[in-house]
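>>> for reference, the sequence and a predicted model appear below.
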Amino acid sequence: MTRMVKCAKLGIEAEGLDIPPFPGPKGQEIFEKVSKQAWKEWLAKQTMLINEGRLASFDPKARAFLAAERDKFLFEGNNDMPEGYVPPKA
């Protein structure tokens with residue numbers, strides 16, 4: 001049976017994640033409050049932020065930046081793009 005959540009990002013009842021995305025309290029919070037769709041959208045934005053900012057996943061500053069951006073995106077409705085971002089042409 002599909003697990004449903006009231007998605008903090010989308011504001012609707014939607015299919016929840018199958019497991020927490022990572023260990024710890026924040027992973028559990030995301031598991032309980034974020035839908036699969038919103039998590040997929042976050043992963044796409046995270047990839048864009050990493051590429052645009054040329055971030056290294058092992059850099060503690062980059063990890064802290066991504067965690068803050070993740071919270072803004074999923075829980076605060078912020079979807080700002082990085083300064084100077086130019087979307088790809090179709």
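Yep, that arrived. Note that this is a predicted model, so its numbers are computed, not measured.

>>> could I get the full set of strands for the chain?
For the chain, strands defined by DSSP state E occupy the ranges 4-6, 13-15.

>>> give me the buried positions along the first one.
Neighbour counts over strand 4-6 (16 or more other C-beta atoms under 10 Å) mark residue 5 as buried. Heads up, the C-betas are built off the backbone N, CA and C, glycines and all.

>>> before we move on, what's the pLDDT of the residue lying farthest from the centre of the chain?
The C-alpha centroid of the chain is most remote from residue 1, which lies 24.6 Å away (C-alpha atoms, centre = their mean). Residue 1 carries a pLDDT value of 71.

>>> any stretches of this protein with poor pLDDT?
Within the chain, the stretches with pLDDT under 70 are 84-85.

>>> biggest helix in it by residues?
Longest helix in the chain, counting residues (DSSP state H): helix 36-53.

>>> can you give me the helices in this structure?
Under DSSP H, the chain gives helices at 25-33, 36-53, 60-75.
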